[in-house]
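Asks: Task: produce atomic coordinates for the following.
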Amino acid sequence: MSIWTNNRYEYRQIRRYQGSVKAVVFDWAGTVVDCGVFSPMNTFVKIFAKEGVHISESEARGPMGIHKRAHIEKILELEEVHDRWVKVRGAPPTATDVDRMYAHFVPIQMEAVADSAKPIDGVLETVAALRQRGIKIGSCTGYPMAVVNILKEEAAKFGYAPDCYVAADEVLAHGIILKHQEPNTKNCCRIAVVTAIVQSAAIGQK
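Replies: Next up is the predicted model:
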């Protein structure tokens, strides 16, 4: 839906898309693979432990779905984690700390992600049913493309291969996937289902 306004007139025109579904965009971990989102959770626990700071599984999972560097920042913003960090490290976390932890995250996750690439029960059947209706399959994730490149190859061995892939480091604002707008628009562009309605909707929501 897009809303067109003109300050010179006292009216508003709303355009609504009424066509058929052209594409479905799925997240990766916790949606189509890795039920429980254990793989990234374990990696976050490991990189914090490397800094001498313990975090719980719940704290590690909290902001799941966003770019993993931003995810680290969000964990550090938790009051209890922040206090633990200061107690251990002697000072509040800095951007340099976040950069270092993210640099540790990527290679650890690249090694681990292949073990969590098997599709969750029902995923392959759902995708097959969607494709029978001519619906394209997109994908988005909080993982960077370095991790996605491994994940997509491993998942394809089990029969899951979306029509396109959008990684968190390809979108703005550290890839805050939970807001959906930009990664979903990018998915639509890559699988060639963008229409004037989709384009105007993306503009209208900004």
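
Asks: Just give me the longest helix of the chain.
Replies: Among all segments of the chain classified by DSSP state H, the helix with the greatest residue count is helix 95-112.

Asks: And the contacts of the helix or strand just after that one?
Replies: Reading on from helix 95-112 to the C-terminus, the next helix or strand found by DSSP states H and E is helix 123-132. Surrounding helix 123-132, the residues in contact under the criterion Cβ atoms under 8 Å, 6 or more residues apart in numbering are V24, V32, V33, I137, F158, G159, Y160. (C-beta placed from N, C-alpha, C; glycine too.)

Asks: For A49, see how far away I108 is.
Replies: For I108, the distance to A49 (Cβ to Cβ, to the nearest Å) stands at 11 Å.

Asks: go on, L151?
Replies: As defined by Cβ to Cβ, L151 lies at a distance of 24 Å from A49.

Asks: Could you do D163 as well?
Replies: Relative to A49, D163 is positioned 38 Å away (criterion: Cβ to Cβ).

Asks: The two: who's more crowded?
Replies: The neighbour comparison of D163 against A49 (other Cβ atoms under 10 Å) goes to D163, with 16 against 11.

Asks: Can you list the residue ranges for helices in this structure?
Replies: Going by DSSP H, the chain shows helices at 38-50, 57-61, 68-77, 79-89, 95-112, 123-132, 145-157, 181-190, 196-204.

Asks: in this structure, what spans have low per-residue confidence?
Replies: Applying pLDDT under 70 to the chain picks out residues 1-12, 172-206.

Asks: Tell me the buried residues within the contacts of helix 123-132.
Replies: Neighbour-count burial (16 or more other Cβ atoms under 10 Å) applied to the contacts of helix 123-132 gives V24, V32, V33, I137, Y160.

Asks: and which of the residues you listed is nearest M41?
Replies: Minimum separation from M41 among the buried ones among the contacts of helix 123-132 (Cβ to Cβ) is found for V33, which lies at 13.7 Å.

Asks: hey, what's that closest one bridged with?
Replies: On the basis of DSSP bridges, V33 takes part in beta bridges with A29, P119.

Asks: So it is in contact with L151, correct?
Replies: Yes - counting by Cβ atoms under 8 Å, a contact exists between V33 and L151, whose distance comes to 7.4 Å.

Asks: Pull up the overlap in contacts between those two.
Replies: Among the neighbours of V33, those also in contact with L151 (Cβ under 8 Å, 6+ apart) are A117.

Asks: Redo the contacts of helix 123-132 as JSON lines? Include distance to Q18.
Replies: Converted to JSON lines, the contacts of helix 123-132 look like this (distance: Cβ to Cβ, whole Å):
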{"residue": "V24", "distance to Q18": "18"}
{"residue": "V32", "distance to Q18": "29"}
{"residue": "V33", "distance to Q18": "34"}
{"residue": "I137", "distance to Q18": "22"}
{"residue": "F158", "distance to Q18": "36"}
{"residue": "G159", "distance to Q18": "33"}
{"residue": "Y160", "distance to Q18": "31"}
